[in-house]
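S.K.: quick one, what's the 3D model for this:
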Amino acid sequence: QVQLVESGGGLVQAGESLRLSCAASGSIFRLNRMAWYRQAPGNQRELVASIFSEGSTNYADSVKGRFTISRDNAKNTVYLQMNSLKPEDAAVYYCNAGVVLPTHSGNPSPEYSYWGQGTQVTVSS
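M.R.: Have a look, this model is predicted:
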């Protein structure tokens, strides 16, 4: 089984920073795309940022220039550095990973999508 465990959420004031971490563990052959999503009450879950194994990144327009996604492939960990936080950034942040599992045949498995349990980010004005 594969687990994603997020950490780093909390309560901050507008303008401050937070760094989220998400560590993947378990039976992993390869981690492909890793991403952060968020969901505020009454809203749909939305993509915040994503990063592929070679390092290419994508960001939602609302966070460009303020958030930075990075990953440490040796640690199977993805990070989200959030600067200049705004009240509208408040949400539960979820980590997502595309995971290729090891197989007995040695051939790679299909990619499976895994989610973390979420970490709350609250931004006061």
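S.K.: element containing the residue of the chain positioned farthest from its centre?
M.R.: Of all residues in the chain, residue 105 has its C-alpha farthest from the mean position, at 30.6 Å, by C-alpha atoms, centre = their mean. Using DSSP states H and E, residue 105 maps to neither a helix nor a strand.
S.K.: can you give me the strands in this protein?
M.R.: Secondary structure of the chain (DSSP state E): strands located at 2-7, 10-13, 18-26, 30-39, 46-51, 57-59, 67-72, 77-82, 91-100, 111-115, 119-124.
S.K.: which neighbours in the sheet does the shortest one have, and how are they oriented?
M.R.: Here strand 57-59 is paired, per DSSP bridges, with strand 46-51 (antiparallel).
S.K.: quick check: mean pLDDT of the partner strand?
M.R.: Averaged over strand 46-51, pLDDT sits at 98.
S.K.: from memory residue 84 sits against residue 66, does it?
M.R.: Yes - Residue 84 lies in contact with residue 66 (C-beta atoms under 8 Å); the separation is 4.7 Å. For the C-beta atoms, the positions are set from N, CA and C on the backbone; glycine is no exception.
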